[in-house]
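Trainee: got a sequence here, can you build the structure:
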Amino acid sequence: MWRTSSVCLIAIFFFVARAAADVLPEDYEHLVGNYNLIGQKPDSSETYSGTVRLVATSSGLRLERSIAGKNSAGIGHYELKTPDKIPVLTLLFTESKQSFSSTCHVSSDLDNYARLTCLYGVTGKTRQPGMEAFFIRRER
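Mentor: The predicted model follows:
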């Protein structure tokens with residue numbers, strides 16, 4: 001009896017864990033906010049800073065960027081990457097008539113605010129990806 005119960009519990013755990021691994025995080029609310037951005041351009045050693053605003057939409061996120069007085073916009077959504085199906089945030093945006101794709105790892109800072117670290121570039125054209133980090137701006 002004990003052995004049967006153990007096998008059933010292990011099977012249930014396996015199927016629940018497997019189902020959870022296939023579910024994409026659909027709640028973007030924890031990412032919404034205004035961020036300070038620091039970065040390095042693709043294929044360059046040039047660094048920059050600016051601001052980013054993430055707004056929740058019915059299909060993911062709207063991205064509003066402002067760097068050196070130039071504004072750009074884009075969208076964001078979660079995707080599963082690598083054979084391990086790790087959820088990452090994919091951002092697509094246009095800047096200076098060039099379309100970029102960014103893959104971001106989402107974590108949290110010590111106060112549980114979202115922290116994003118991203119690699120980005122132009123698919124098939126970028127040799128060395130650019131890097132960006134988003135730090136939440138706590139409005140006072």
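Trainee: which parts of the chain are helices?
Mentor: Applying DSSP state H to the chain gives helices spanning 2-21.
Trainee: need the residue closest to the centroid of it.
Mentor: Leu89 (2.6 Å; Cα atoms, centre = their mean).
Trainee: report the buried residues of stretch 53-64.
Mentor: Along stretch 53-64, the positions that meet the burial threshold by neighbour count (16 or more other Cβ atoms under 10 Å) are Arg53, Leu54, Gly60, Leu61, Arg62, Leu63. Using the backbone N, CA and C atoms, a C-beta is placed for each residue, glycine as well.
Trainee: what are the buried residues along stretch 87-95?
Mentor: Val88, Leu89, Thr90, Leu91, Phe93, Glu95.
Trainee: got the confidence number for the residue lying closest to Thr47 once chain neighbours are set aside?
Mentor: Nearest-residue entry for Thr47: Gln40, 5.1 Å, with adjacent residues in sequence omitted and distances by Cβ to Cβ, 6 or more residues apart in numbering. Here, the pLDDT recorded for Gln40 equals 97.
Trainee: surely Gln40 and Gly130 touch.
Mentor: Yes - contact between Gln40 and Gly130 holds when scored by Cβ atoms under 8 Å: they sit 5.7 Å apart.
Trainee: which stretches of this protein have low pLDDT?
Mentor: The model of the chain has pLDDT under 70 over residues 1-26, 140.
Trainee: show me what contacts Asn34?
Mentor: Taking Cβ atoms under 8 Å, 6 or more residues apart in numbering as the definition of contact, the neighbours of Asn34 are Thr51, Val52, Arg53, Ile136, Arg137, Glu139.
Trainee: ok, Phe100 next?
Mentor: For Phe100, the contacting residues are Pro42, Gly74, Leu92, Phe93, Thr94, Tyr120, Gly121, Val122, by Cβ under 8 Å, 6+ apart.
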